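K.L.:
build me a model:
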Amino acid sequence: MLRTYPMGTPGYHDWMHPPRELSTPMAPAPWQRAALGANLLAPDGGLGVTIFEEMTTLAVQTGAINLGQGFPDEDGPAEIREAARSAILAGANQYAPGKGIPELREAVSAHQQRFYGLSPDPATEVIITTGATEAIAASLLAFAGPGDEVLTLEPFYDSYGAVIGLSGATHVTAPLLAPDFMPDMAALEAAFSARTKVVLLNNPHNPTGAVFPRDVLQRVVDLARRHDSIIITDEVYEHLTFGVRHVPVASLPGAADRTITISSAGKTFSLTGWKVGWLTGPEELVSAARTVKQFLTYSSGTPFQSAIATGLALPDSFYEGIAASLEHKRDILSEGLRAAGFEVFSPQGTYFVNVDTAPLGISDSVDLARKLPALVGVAAIPVPVFCHAEGAERTRSLLRFAFCKKAEVLEEAAGRLAALSGRL
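P.N.:
All right, here's what the predicted structure looks like:
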């Protein structure tokens, strides 16, 4: 159940191509470590194309509805967009402070207090980043290096593997198991070791849509304390949950002094192109991450930062409304997926729904994903691309669909998918 990923072993491409020996050198270059970590290095040592690019190209070529990549097709709230326009016109067009503008750092702190009872000091315990991706990279590079292990759940967001590879640390995983995609607790405990420097936890979870309950999160915290590991939590889908409440890891007993919490504006406000994220945590951890972050982008998005401060102060009705709207969209797409003959694993959070293709007699979701745009005019992402080799085999028949689209688009996609079984 436990899988480590040495730098000389191919992952995703193992089962895309005939097996061949990697032509990469014994000591891969940093870019090769990053590519290997994200399953992008082909067996011949060449740089492969991401599955997202491949599926988007197929969608364009066939005119398919692209439910692969997770970005909304509607703009965020008008008051946030207007605040950005006003900031630009007011001259907020130069570098922001490296830590982020005070207004947004204070807004992030107020958000954490308002929703979770956490009170990070905006002066020393909050950093604004270029999206959550930079926050993750800065945090991992600050703490993990050669000889260390970084533990994630599997399937995992692909940028995790890339940055872990870039750091030189070893990526260790513990599986999430269908149908509810909760961790195998025995495998999770076995995945920890004396070398576990960082636990990187995504909750709500992409790509599975799982929302981990308090007892599961507390077990992670307890294991991290036992092994003296730092916890980095990616909570970008915190407000996109359905019938369950998001629990920040930092709010749990024993977690606050070892946890960096990461979130962003893109998912909550449907403004993914603005790339405004943040991290919070104890001053000593935040200072270390800031040291790395300042040499990645230093700062970005000055007018967008003040606009997101406006967004974080929106009333509870806004946050309740976005979750309710997404839940409705989830149900529209899920109905079409069931009609197509898939087994549907209904998510408790994020804007992704996973299905098993096995009821249709299909065992290779990668092959189906490549055929789906031409067959019915819908594009999706095969879940095995989010895994190492062992996890890829375990999830071999699973597909992920995004439902962060307009209701009418999802209704059209559902109608197209209903015709699938007759075209196989």
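K.L.:
per the record, what domains does the protein have?
P.N.:
51-75+317-423, 94-313 (automatic domain parsing).
K.L.:
with distance to A27, mean pLDDT and mean neighbour count added, can I get those domains in a markdown table?
P.N.:
Quick note: C-beta positions are derived from backbone N, CA and C, even for glycine. A markdown table is the format used below for these (distance: least, C-beta to C-beta, whole Å; pLDDT from 0 to 100; neighbours: other C-beta atoms under 10 Å):
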| stretch | distance to A27 | mean pLDDT | mean neighbour count |
| --- | --- | --- | --- |
| domain 51-75+317-423 | 21 | 96 | 20 |
| domain 94-313 | 10 | 98 | 21 |
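K.L.:
packing partners for the helix or strand hosting R85?
P.N.:
Using DSSP states H and E, the secondary-structure element containing R85 is helix 78-89. Applying 3 or more C-beta pairs under 8 Å, 6 or more residues apart in numbering; DSSP states H and E, we find helix 78-89 packed against helix 302-312.
K.L.:
packing partners for the helix it packs on?
P.N.:
Packing contacts for helix 302-312, counted by 3+ C-beta pairs under 8 Å, 6+ apart, involve helix 78-89, helix 102-116, helix 265-269.
K.L.:
out of the ones you listed, nearest to S299?
P.N.:
helix 102-116 (11.2 Å; C-beta to C-beta).
K.L.:
name the next helix or strand downstream of the closest one, please.
P.N.:
Per DSSP H and E, the helix or strand that comes after helix 102-116 is strand 126-129.
K.L.:
go through the domains of the chain and name the closest to A34.
P.N.:
If you check each of the domains of the chain against A34 by C-beta to C-beta, domain 94-313 wins as the nearest, at 4.4 Å.
K.L.:
where exactly do the helices run in the stretch 151-300 of the chain?
P.N.:
Ranges of helices within the stretch 151-300 of the chain are 158-167, 185-191, 214-226, 265-269, 283-293, based on DSSP state H, counting those that start in this stretch.
K.L.:
closest to K406 out of these?
P.N.:
Between K406 and the helices of the stretch 151-300 of the chain, the shortest separation by C-beta to C-beta is 16.6 Å, and it involves helix 265-269.
K.L.:
pull the residues that contact that closest one.
P.N.:
Helix 265-269 is contacted from outside by 76-77, 80, 131-132, 236-240, 271-277, 304, 308, 311, 319, 322, 351, using C-beta atoms under 8 Å, 6 or more residues apart in numbering.
K.L.:
who wins for proximity to Q69 among the helices and strands packed on helix 302-312?
P.N.:
Using C-beta to C-beta as the criterion, the shortest distance between Q69 and the helices and strands packed on helix 302-312 is 12.8 Å, found for helix 265-269.
K.L.:
show the contacting residues for E74.
P.N.:
Contacts were defined as C-beta under 8 Å, 6+ apart; by that measure E74 touches 270, 406.
K.L.:
so what does it have for phi and psi?
P.N.:
Torsion angles at E74 (phi, psi; degrees, to the nearest 10) stand at phi -130, psi 150.
K.L.:
okay, and L314 sits in which element?
P.N.:
According to DSSP H and E, L314 maps onto no helix or strand at all.
K.L.:
and the gap between it and H111?
P.N.:
For L314, the distance to H111 equals 10 Å [C-beta to C-beta, to the nearest Å].
K.L.:
over to A178?
P.N.:
Distance of A178 to H111, given as C-beta to C-beta: 33 Å.
K.L.:
what do you get for A418?
P.N.:
41 Å.
K.L.:
tell me what angle the longest helix seen in the chain forms with helix 102-116.
P.N.:
Taking DSSP state H as the assignment, the helix of the chain that covers the most residues is helix 316-339. Angle, helix 316-339 to helix 102-116, by axes from the mean of the first three to the mean of the last three C-alpha atoms, to 10 degrees: 70 degrees.
K.L.:
and helix 316-339, how far from the chain's centre?
P.N.:
In terms of C-alpha atoms, centre = their mean, to the nearest Å, the gap separating the centre of helix 316-339 from the centre of its chain is 19 Å.
K.L.:
elements contacting it?
P.N.:
When contacts are defined as 3+ C-beta pairs under 8 Å, 6+ apart, helix 316-339 sits against strand 343-345, strand 352-356, helix 407-417.
K.L.:
looking at the ones you listed, which is closest to A90?
P.N.:
Judged by C-beta to C-beta, the one of these that comes nearest to A90 is helix 407-417, at 36.0 Å.
K.L.:
contact partners of that closest one?
P.N.:
Outside helix 407-417, the residues that touch it by C-beta under 8 Å, 6+ apart are 65, 67, 73, 328-329, 332-333, 335-337, 339-340, 376-378, 403, 405.
K.L.:
got the angle between that helix and helix 316-339?
P.N.:
With the same axes, to 10 degrees applied, the angle from helix 407-417 to helix 316-339 works out at 10 degrees.
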